[in-house]
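In: Would you be able to build a 3D model of this:
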Amino acid sequence: MKERWWYYSISMSNPLVERSFRHMGWANSQMLNIVSALPDDAINFSAWNPDWTVGKIAHHIVVAEARLISRITEQQFSDELEAPTTAQGIKELISICRERDAQLLKLSNTPEEIRTFKRFGKDSTFLTSTILAQATNHATEHRAQISDILAANEMDVLNLDEIDLWAFETWEKSH
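Out: Residues are numbered from 1 along each chain as shown. Next up is the predicted model:
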């Protein structure tokens with residue numbers, strides 16, 4: 001099976017891929033800016049799992065990006081960021097997230113290869129495209145969780161329709 005994967009050793013340059021990563025960066029920035037304007041109490045809201053607060057999930061998005069970048073670049077992952085518990089802490093994530101989103105956009109053109117890395121303490125092997133697709137899907141999934149947690153706590157301020165791809169293209173056309 002491994003040998004077959006090498007057949008897909010192609011460049012991943014594609015307008016769909018580029019748009020997906022540009023949207024992810026924009027949507028992450030929009031979400032973090034909205035959350036950073038909320039009261040500190042909101043950063044500590046949770047819903048179904050008290051361990052996963054708005055701040056921890058926002059932190060998780062940013063830390064996971066570093067981990068995914070390290071899996072593609074084959075550089076050691078280390079991230080000493082603390083999960084924010086205040087709006088100021090969220091503001092501090094914004095520039096870090098912006099840098100990582102830009103790095104993922106650059107990496108989105110990485111040729112397809114088999115990548116081996118530790119995942120949950122075990123050696124895992126995945127294609128570059130799987131890692132990159134995980135980056136955009138992961139961020140989307142967790143932005144939705146943050147929106148849901150805020151709404152469940154009667155703070156319906158993060159409308160996902162306002163940061164979807166339609167909104168992104170509309171924003172791009174106006175800037």
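
In: how near is Asp161 to Val62?
Out: 24 Å (Cβ to Cβ, to the nearest Å). Heads up, the C-betas are built off the backbone N, CA and C, glycines and all.

In: my bad, Leu16
Out: Distance, Leu16 to Val62, using Cβ to Cβ: 24 Å.

In: okay, those two: which has more neighbours?
Out: Neighbours of Leu16 and Val62, each counted by other Cβ atoms under 10 Å, are more numerous for Val62; the result is 24 against 7.

In: Report the central residue of the chain.
Out: Ala139 (3.3 Å; Cα atoms, centre = their mean).

In: So that one versus His60, what's the distance?
Out: Applying Cβ to Cβ to Ala139 and His60 gives a distance of 10 Å.

In: Ok, Phe126 next?
Out: 20 Å.

In: Strands along the protein, start to end?
Out: Secondary structure of the chain by DSSP state E: the strands cover 114-119, 122-127.

In: Next, the angle from the last one to strand 114-119.
Out: Strand 122-127 and strand 114-119 meet at an angle of 150 degrees, taking axes from the mean of the first three to the mean of the last three Cα atoms, to 10 degrees as the criterion.

In: List the buried residues in strand 122-127.
Out: Neighbour-count burial for strand 122-127 flags Phe126 (criterion: 16 or more other Cβ atoms under 10 Å).

In: packing partners for that strand?
Out: strand 114-119 (3 or more Cβ pairs under 8 Å, 6 or more residues apart in numbering; DSSP states H and E).

In: quick one: strands adjacent to the strand it packs on?
Out: Strands that pair with strand 114-119, judged by DSSP bridges, come out as strand 122-127 (antiparallel).

In: Send me the strand it pairs with as PDB with only the CA atoms.
Out: Provided in PDB are the C-alpha atoms of strand 122-127 (Å, rounded to 0.1, in the frame of the first residue of the first chain):
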ATOM      1  CA  LYS A 122       2.200   6.300  18.300                       C
ATOM      2  CA  ASP A 123       3.900   6.400  15.000                       C
ATOM      3  CA  SER A 124       1.400   7.400  12.300                       C
ATOM      4  CA  THR A 125       1.600   7.700   8.600                       C
ATOM      5  CA  PHE A 126      -0.500  10.100   6.600                       C
ATOM      6  CA  LEU A 127      -0.300  12.000   3.300                       C
END
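
In: Show residues contacting stretch 17-31.
Out: Here stretch 17-31 makes contact (Cβ atoms under 8 Å, 6 or more residues apart in numbering) with 58, 61, 94, 97-98, 101-102, 104-105, 108-109, 132, 135-136, 139-140, 143, 146-147, 158, 162-165, 168, 171.
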